[in-house]
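Undergrad: give me the fold of what follows.
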Amino acid sequence: MQEEKKKKEAIENREQKVQNALRRYNSMPAPPPKDSPHKLSVKFMIANQPPKFREFFITDKAKLLYDYVSVDFAPNEPKITFGFPTKTLSTQDFEKTFAELKFAKKETVFVDSDDDEEEEDDE
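TA: Alright, predicted model coming up:
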């Protein structure tokens, strides 16, 4: 009985994470106009998927990167790396703008699942 309850809770937790990711993705602001001088273009290199592209205002918060790709990884957490030398986007960076994080006008970010390591630790 206890094991069934844990499995049911785990399934509900996963479903909630997926719903949260979809909600964040669907509430994202529209990309900037093509002719905006204050935009940056981001190429997302996502593990086992073709690249995705999205434009943001340079003044947008970095959390939008997380919101954009988390739908591809839910219920797992995405690990986002960018720049040279490579930096990992942390939750402390979410409130910083792309300008503050020194994103280039054309930036490539690499996205992978951060939960692989955590699953190994749980065993």
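Undergrad: what about the strands in the protein?
TA: In the chain, the segments counted as strands under DSSP state E are 39-46, 52-57, 78-82, 87-88, 106-113.
Undergrad: could you check how far the closest residue to Lys106 other than its chain neighbours is from Asp114?
TA: Setting aside the residues directly before and after it, Lys106 is nearest to Ser41 in space (C-beta to C-beta, 6 or more residues apart in numbering), at 5.0 Å. In short, each C-beta sits where N, CA and C put it, glycine included. As judged by C-beta to C-beta, to the nearest Å, Ser41 and Asp114 stand 25 Å apart.
Undergrad: same check, this time on Thr81
TA: 10 Å.
Undergrad: rewinding a little: quick one: which of the strands of the chain is nearest Leu22?
TA: strand 78-82 (14.2 Å; C-beta to C-beta).
Undergrad: which non-adjacent residue is nearest Leu89?
TA: Ile80 (4.1 Å).
Undergrad: in the sheet, who's paired with that neighbour?
TA: Beta-bridge partners of Ile80, counted by DSSP bridges, are Val111.
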